Every structure is written in structure tokens, then in C-alpha cells.
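Undergrad: missing the sequence, but the structure's below:
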């Protein structure tokens, strides 16, 4: 039997995470391009770009932690047994 509520939660969280990682990466690439153009705010644009890339890495790391049961239990305290 399929638990449709759990399926819907997983689908929504997946969409939100995918949109967040694509948006953060896109903003990071854009800010890096602006920083390479030079001018005022070059260091601020670079810092913002690197911050966006760090956000991407954190989202990916959280996804890996949630997928691997041993990491979920060790880091988050979430047990995969029902």
C-alpha cells in the first residue's frame, strides 16, 4: 500500500530543494560574472558568489545525509526503522 501523504511530502521537498539549488547556483554564476567585469563592488560580488556556492554544497550535503541511513542516525538522530 502506498502512503500518498508521505509520497506527496517527498515530492514537494524534492521540488523545493531542486529549485533552491538551481537558483543558488545560478545566482552564484551571475555574481561571479559580475565580479569578473570589474568596477565597484567586485569583492562583494565574489563573496556573494562564493556564499551561493556554499549554499549549494550544504543542500547537497544535507541530501546525502538524509539518504544514507547511517549518516541520518549519526548526525541528525533520525532512525530509519519504523
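TA: Great, that's in hand. These figures come from a predicted structure and were not determined experimentally. Numbering: from 1, shown residues only.
Undergrad: Any stretches of the chain with poor pLDDT?
TA: Screening the chain residue by residue with the criterion pLDDT under 70, one finds the ranges 80-82.
Undergrad: Point out the other elements, helices or strands, that the longest helix along it touches.
TA: Across the chain, the longest stretch assigned as helix under DSSP state H is helix 4-37. With contacts taken as 3 or more C-beta pairs under 8 Å, 6 or more residues apart in numbering; DSSP states H and E, helix 4-37 sits against helix 42-67. For every residue, glycine as well, the C-beta is placed using N, CA and C.
Undergrad: tell me which strands and helices the helix it packs on is in contact with?
TA: Looks like helix 42-67 contacts helix 4-37 (3+ C-beta pairs under 8 Å, 6+ apart).
Undergrad: in the helix it packs on, what's buried?
TA: 21, 24, 27, 28, 31, 32, 34, 35 (16 or more other C-beta atoms under 10 Å).
Undergrad: what angle do it and helix 42-67 make?
TA: 160 degrees (axes from the mean of the first three to the mean of the last three C-alpha atoms, to 10 degrees).
Undergrad: Can you get me the centre-to-centre distance for helix 4-37 and its chain?
TA: Its chain's C-alpha centre and that of helix 4-37 lie 6 Å apart, by C-alpha atoms, centre = their mean, to the nearest Å.
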